[in-house]
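A.B. asks: Build me a model from this:
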Amino acid sequence: MSKKMIKGFKIYSTIVSILGMTVFTATNVFAADDPIAVVNNLSSFIFGLTRAVGMIILGFSIVQIGLSLKSHDPSQRANGFLTFAGGLVITFAKEILNMIAG
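C.D. replies: Residues are numbered from 1 along each chain as shown. Next up is the predicted model:
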């Protein structure tokens, strides 16, 4: 990898880390008198973690697709697009489940 790619990866990693910390610190789970509220808070916390993992996978897949376009490797490109699709599903899991459940 060239120095330019390493520098870009460091910048990307820093941004993902900062955004990840923001997601973790912004989501608080408090106990309440209503048990349903507790379950809803826990559910939103877990889906926040899932969304953060999905965003990391999306970022990795974009890097993988870019590297495959540079090296002209069709199998790596296919894996990159499959990883991208999986990252989209993981990132929007809550919305997909809400759409299915109605």
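A.B. asks: residue furthest from the geometric center of this structure?
C.D. replies: Asp33 (32.4 Å; C-alpha atoms, centre = their mean).
A.B. asks: Next up, the contacts around that residue.
C.D. replies: By C-beta atoms under 8 Å, 6 or more residues apart in numbering, the contact list for Asp33 is empty. Quick note: C-beta positions are derived from backbone N, CA and C, even for glycine.
A.B. asks: Just say helix, strand or coil for it.
C.D. replies: Secondary structure of Asp33, reduced to three states by DSSP: H, G, I helix; E, B strand; the rest coil: coil.
A.B. asks: switch to numbering from 15
C.D. replies: Taking 15 as the first residue, the last one we looked at is Asp47.
A.B. asks: And it, how far from Ile60?
C.D. replies: Distance of Asp47 to Ile60, computed by C-beta to C-beta, to the nearest Å: 21 Å.
A.B. asks: Residues in contact with the one helix or strand Lys21 maps to: which ones?
C.D. replies: Taking DSSP states H and E as the criterion, Lys21 maps to helix 17-40. Here helix 17-40 makes contact (C-beta under 8 Å, 6+ apart) with 15, 62-63, 65-66, 69-70, 73, 77.
A.B. asks: let's see 6 Å
C.D. replies: Residues outside helix 17-40 that contact it (C-beta atoms under 6 Å, 6 or more residues apart in numbering) are 62, 66, 73.
A.B. asks: what about the protein, any weak spots by pLDDT?
C.D. replies: 15, 36-46 (pLDDT under 70).
A.B. asks: hmm, back to that, who wins on neighbours among the contacts of helix 17-40?
C.D. replies: Counting neighbours by other C-beta atoms under 10 Å, Ala66 leads the contacts of helix 17-40 with 20 neighbours.
A.B. asks: Tell me the secondary structure at that residue.
C.D. replies: Under three-state DSSP, Ala66 comes out as helix.
A.B. asks: Helix or strand: which one has the closest residue to Phe95 other than its chain neighbours?
C.D. replies: Leaving aside its sequence neighbours, Phe95 sits nearest to Ile79 (C-beta to C-beta, 6 or more residues apart in numbering; 6.6 Å). Here Ile79 sits within helix 49-85, counting by DSSP H and E.
A.B. asks: If anything else comes up later, I'll come back, but that's it for now.
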